[in-house]
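> I would like to see how this sequence folds:
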Amino acid sequence: MAGQTIFKEDIKIKLKKPRMYRVILLNDDYTTMDFVVEVLTTIFHKSVAEATRIMFDVHQKGRGVVGIYPYDIALTKVTQVEEVASEKGFPLKAVMEEE
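Reported below is the predicted structural model:
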């Protein structure tokens, strides 16, 4: 290929890890312990033993860390908790905090 110049460039791409967020369940005086365990096993896919431990954290300490997720997943989990709780008539709240 006469007259053609070929250039080679090194392009470096730096990928940053996404910010992570803790999803936390907050205690209230109305939501049953059984319902909290149900939420933890269905929405967060926790074992019954782990769900029970987290439920007792919520009950005794006022809050329990459920998991750490990227923003979109954490927000989805918080929304799912509050929708399911509302459907069942419970005031259970979930919040997210940046890790």
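> excluding chain neighbours, what is closest to the most centrally placed residue in the chain?
The C-alpha lying nearest the average C-alpha coordinate of the chain belongs to residue 74 (C-alpha atoms, centre = their mean; 3.4 Å). With sequence-adjacent residues excluded and distances taken as C-beta to C-beta, 6 or more residues apart in numbering, residue 74 is closest to residue 21, at 3.9 Å. For the C-beta atoms, the positions are set from N, CA and C on the backbone; glycine is no exception.
> now residue 95
Leaving aside its sequence neighbours, residue 95 sits nearest to residue 24 (C-beta to C-beta, 6+ apart; 5.3 Å).
> these two touch, right, the one you found and residue 63?
Yes: counting by C-beta atoms under 8 Å, residue 24 sits close enough to residue 63 to count as a contact (5.1 Å).
> which one's more surrounded, these two?
In this comparison of residue 24 against residue 63, neighbours counted by other C-beta atoms under 10 Å, the higher total goes to residue 24 at 21 against 16.
> the more buried one pairs with what?
With DSSP bridges as the criterion, the beta-bridge partners of residue 24 are residue 65, residue 95.
> measure the residue nearest to the centre of the chain to residue 53 for me?
From residue 74 over to residue 53 the distance is 20 Å, taken as C-beta to C-beta, to the nearest Å.
> related to what we said a few turns ago, pull the contacting residues for the residue nearest to residue 95.
Residue 24 sits next to 63, 64, 65, 66, 94, 95, 96, 97 when contact means C-beta atoms under 8 Å, 6 or more residues apart in numbering.
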